[in-house]
Structure formats: C-alpha cells, structure tokens
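Student: This is a predicted model, with the sequence first.
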Amino acid sequence: MRNNLYKIAITQAFKVGPITTRNLVSYCGGVEAVFEASEKELLKIPGVGEKTVASLKDETIFAKAEKELELAQKHGIQVFFYTDEGYPKRLRHYPDAPVLLFYKGTADLNHDRIVAMVGTRQPSPQGVAICEELVNELKPYDPIILSGLAYGIDITAHRKSVEIGVPTIGAMGHGFHSVYPPSHKKTAYQMLENGGMITEFLYHTKPEREHFPMRNRIIAGMCDALIVVETAEKGGSMITAQLANGYSKDVFAVPGRLKDKSSKGCNLLIKSHRAALIESAKDIGYVMGWNPLDKQQKAIQQKLFSELSILEKDVVDFLQKEEEPSIDHITRSVNSTSGEMAAVLLELEFKGIVKSLPGKKYMLV
C-alpha cells in the first residue's frame, strides 16, 4: 500500500517521464529510496535538474498520489509499477513504456498469447466481417484480444470477443472516471468480466486528443502479434503498426482493393514489408508457431505457467518467439546473469518444459 503511494507520487514530479523514472529508481536502488535521497545525490543522476528535485521534495505530490490510491482502492483498480510482477512483461523493457499502469479486470496481463487488432474508425461492411471472422478463428489459439475501445475495428474486435467468450482488454487514452466514447460503455463493462481495461492515466484524466497516440504504444508493446484490418495511409493504426515494428513485434495486415482508401494503409504495410499478408488466423498460427489448444492442453499449460517464477516465465516467453537460442542469447534478452540463467534453465528442464540442445542451445519441449 505505502509502496504504491511512492510509485504514483514519482510519476507526478516535474519532468519525470519513463526514462527519468527508470534512471532515478536504478541509481537510488528503489522507488522509496528516490524520496529518501538527498538533493545532492539526486542532482548527480542524468536527466535530473533542480526543478525536478524540488518537485520530488514537495509534499503536495504525495497528497495527489494519496487521492489517486484511494480512488483505485474504491473502484477495484490495480496499480502496477514497471518493477511489479503483475506489470505486462512484454512492455516492461521498452524505454518509452509507461512506468505506471492502472488495470481493472480479470485477464492475466502476462497471458501466453496476446493479439492486438486495430484499424479504421469507419470500416466497410467487409472490414467488419473480416474482423469478426478473425476473432472467431483465433479463439482455438487461446489468445487475449487487445485493442483501443475506439469506433470501428477496435470496438468490433472487443464486441465479437465478448460475444464468443474470448478474453479482451481495452487500452484507454483517459482515466477510469469515464469510458470514451460513451456509447462503448456497455461493452467496456462486459469486458471486465472476461478481460479488462488498462490505462496509464490518472482516474479523472479526460480523453484528450494527444493521449491516444500514447495509448497506442501500450497496444503495440503488450501484444505478440498485431493485426491491421483496414486503415488509411495515415492515422492511429499506422502509428501503432510503426511502433510494433520498432518493438520487433510480428505485424499482419489484411489486403484490400487498390482503389479503396480504407485499405491503402494495409496495402502499404504489406508492400513495404512492414507487415505480413493475412487471409485467416491460420496465417498467424503458422508465422507465430502457434497450434490450437484443446481444453486439456489449456488447463495443463495454465497450471504449469502459474507455478513458474517471473524469470522462468520470461524465459519461456522468449523461447516461444526464438528458435533454439543459445544460453547467452537468452541471458541477454531477459536481463539476467549467466549463473542465474544456468540455474533457471536447469529447473525448467526438471519441470519438463525446456530441452537442452548441443551447443548450449535450448528449446521448449
């Protein structure tokens, strides 16, 4: 509880963004230690100036953080700092990722497979049908469907997921005080029962225009695969695809007719090799190396995964994306040490999850 107060407070200090926050926490050895450090110590940290230090020493940021924490507790909102176990591990290592997230729902933010779906706010009837069809075809792969609660393709993906029982999470460009657009409120509340809503914004933050591009990096960073259904050459969906490319995520696009404005963006992504052409969910399964899961497999997988440590989960997640990586490659990718990684891989071998290969390489069983 007290720790969450510090985590919220640090984000309210003057010019303390994601990079500066990470520097502060890293140099001081923890978020509480930042507030315990002297002004002289803080000024030695890169990116920290006198105004930032004065802000960190100002007690009023704790009053604001306390109100925010009370609202979170009252409304059942979870608070995740980037160092917390529940924080989305896929997002954690990106320097521009939010250091603080507010989440309400039942879905695991570190679920084994997360697919983001984005597209135009004014889809064609064909685009809507394709979006619904893809969600339906993805269900046997046991994914979480992630999108942005916006008009068009976003809400189509969410509603179809709710309809057929696929967990779905909405990333918001505002606080939990409201749902934007208001017409999507009913769907958003339904999503809380099998999925959830996530945001980096404080409870009373309004849906300002500049917040939505910021929201897009959560969508791009949290997913394993991003699907663009219909989009023009410019707009939020193209920004999200660009972010996903930068995060080395697998991007897929549904091709469209040459003269169709709402398909120009998808066609451009495919033509410029920034997205793979997709005709059905089987294309995603093939590229991602995913097989449909039956109910028994799903139960076993969930039990095994729930018993793993944070580092073990990170290793398993990495092995799902990489083909027979070396121990050194795995160690660097999950920010571990050689000794720690050797022990983790041995433990995963004992659990029957990982198999060692010649040349100190590893693969999932």
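Tutor: Great, that's in hand.
Student: what about the nearest residue to Pro46 once chain neighbours are set aside, how many residues close to it?
Tutor: Nearest residue to Pro46 in three dimensions, chain neighbours excluded: Asn23, at 5.8 Å (CB to CB, 6 or more residues apart in numbering). In this view, the C-beta of every residue, glycine as well, is placed from N, C-alpha and C. A count of nearby residues for Asn23, using other CB atoms under 10 Å, gives 16.
Student: Just to check, Asn23 is in contact with Ile45?
Tutor: Yes - applying CB atoms under 8 Å, one finds Asn23 in contact with Ile45, separated by 5.5 Å.
Student: Next one: Lys303, what pLDDT does it get?
Tutor: On pLDDT, Lys303 comes in at 56.
Student: Over to Ala171?
Tutor: 98.
Student: Over to Glu59?
Tutor: 88.
Student: again with Gln297
Tutor: pLDDT, read off for Gln297, is 57.
Student: Can you tell me the SS state at Phe252?
Tutor: At Phe252 the chain is in strand, as set by DSSP: H, G, I helix; E, B strand; the rest coil.
Student: neighbours of the residue nearest to Arg92 when sequence neighbours are not counted, just the number please.
Tutor: Using CB to CB, 6+ apart and skipping residues adjacent in sequence, the residue nearest Arg92 is Tyr82, 5.6 Å away. Tyr82 has 21 neighbours, counted by other CB under 10 Å.
Student: give me every residue that touches Tyr82.
Tutor: Applying CB atoms under 8 Å, 6 or more residues apart in numbering, one finds that Tyr82 lies in contact with Arg22, Arg92, Ala97, Pro98, Val99, Leu100.
Student: Phi first, then psi, for it.
Tutor: phi -60, psi -20 (degrees, to the nearest 10).
Student: If we ignore the residues flanking it in sequence, what's nearest Asn216?
Tutor: Thr240 (4.3 Å).
Student: what's near enough to touch the one you found?
Tutor: Counted by CB under 8 Å, 6+ apart, Thr240 has contacts Ala116, Val118, Asn216, Ile219, Ala220, Leu226, Val228.
Student: tell me which element it is part of?
Tutor: Secondary structure from DSSP states H and E places Thr240 in helix 236-246.
Student: Give the buried residues for that helix.
Tutor: Gly236, Ser237, Met238, Ile239, Thr240, Ala241, Leu243, Ala244, Asn245 (16 or more other CB atoms under 10 Å).
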